[in-house]
Every structure is written in C-alpha cells, then in structure tokens.
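Student: Sequence plus the predicted model coming up.
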Amino acid sequence: MSQYNIKILGFAGSLRKDSYNRKLLNAAIELKPDNTVIEVFDLAGIPLYNQDEEYNPPPRVREFKQKIRQSDALLIATPEYNYSVPGVLKNAIDWASRPYSDNVFEGKPVAIMSASIGMIGGARAQYHLRQSFVFLNMFPINRPEVIVTFAPKKFDENGKLIDTDARNFITQLLNNLVDYTLRLKRGSEVLAEINKQ
C-alpha cells in the first residue's frame, strides 16, 4: 500500500439530475482503490466564459479552480452532444485554463469515462477532449477506454451501475490513474532531491 492518499476530483459534463455520467462518477466512488479519495464537483453555476473577467473570475469559477489545484488527478465523465464535448464541460475547461498564466490543468493526470443512450457511447466526445488535453499539457490515461453504450440498460432503478464489463473497466481505469499519478509524484520527489544536491 502506498504512503499516499490520492485525491481525485471528478466532474460530469452534464447538468441533468438523472445524468448517466453522474451515475458513472458514483460508480467510480464505489470502485475506487483503497488509497484514493474521489470528490465530485458540480459544474452547475459556472457562468459563460468571458475573457474580460478571466483575471477576476466569478466565485464559482474560483472554487472550481481551487478544487483542481488541490487534487492529484482528475476524472471526467461526459456525454456526447453533436459529435463533440458538451458546452457545459467545454465552458468549464475554458474558465479553468485561463488566463494562460493560470492554467490549473497543467501537468494533471486525467481519466475519461462516457455514457450515452446510443451505440457510440460518447467515444467522439472523448477524442475531442483528448485533443484539448494536448494544449492543456495534461496526462490522459489511455487504457482502458470506458465507453458505456445503451446506458439505460446498464443501470438499475436506483442508478447503480450493474453492467459487469463497465464496472471492471472503471476499476481498471481508476487503478491505472492512481498508479500513474503515484509515478508522477515519485518522479517529482526524485527531481526535488537531485536539485537539492
């Protein structure tokens, strides 16, 4: 067991109360490794991005950015709208990455999950997110890809994820995210020791 407790901040790219992607985050909390804490941040209340306000952002944006700073890694669950990332998620990312001197995503490990009522499962939204991660200088976990198709069949009446394959993939994804985050932490410690010499 690691000496670290890994803090993961999760958020969903949907504001819908009965969102399948919020339910994925609940499943992640249930399936997380023992040395991990997952906190979920609700993107509701983040206003539309306005560059005039990026040096003095609204309180909800400041809270979001602070939560990201305090986390070791991120977990994003997102639906797919019009072959791409939902506006609410893109808007939150724009706020948290601006101004350029205060990109709180810099160097963060990140994992993605998606659920959709259709047969694509949000795959195209995931790929567009990965394009953004390049510019944000994040470290996405590549495998496994958690893409939950035909989502209404994968959850019970209480919102619990009951699909065995999806649960196994989420478990693997979280383990890989935590392992990679620990490697980054240890690498940073080694560099710090070298710089002291």
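Tutor: Structure received. Numbering: from 1, shown residues only.
Student: what about the strands in this protein?
Tutor: All strands of the chain, identified by DSSP state E, fall at 6-12, 36-40, 73-77, 109-115, 139-140, 146-148.
Student: of those, which approaches residue 84 most closely?
Tutor: Nearest to residue 84, of all the strands of the chain, is strand 109-115, at 11.9 Å by Cβ to Cβ. From N, CA and C alone the C-beta is placed, and that goes for glycine too.
Student: average model confidence for that closest one?
Tutor: Averaging pLDDT along strand 109-115 yields 97.
Student: tilt between it and strand 73-77?
Tutor: If you take axes from the mean of the first three to the mean of the last three Cα atoms, to 10 degrees, strand 109-115 sits at 10 degrees to strand 73-77.
Student: other SSEs contacting strand 109-115?
Tutor: helix 20-31, strand 73-77, helix 123-136, strand 139-140, strand 146-148, helix 164-196 (3 or more Cβ pairs under 8 Å, 6 or more residues apart in numbering; DSSP states H and E).
Student: Could you spell out the sheet neighbours of the shortest one, each with its direction?
Tutor: Read that as strand 139-140. Strand 139-140 pairs in its sheet with strand 109-115 (parallel), by DSSP bridges.
Student: thinking again about what came up before, so which of the helices and strands packed on strand 109-115 has the densest surroundings on average?
Tutor: Between those, strand 73-77 has the highest mean count of neighbours, a mean of 27, where neighbours are mean count of other Cβ atoms under 10 Å.
Student: now the angle between helix 123-136 and that one, please.
Tutor: Using the same axes, to 10 degrees, the interaxial angle of strand 73-77 with respect to helix 123-136 works out to 150 degrees.
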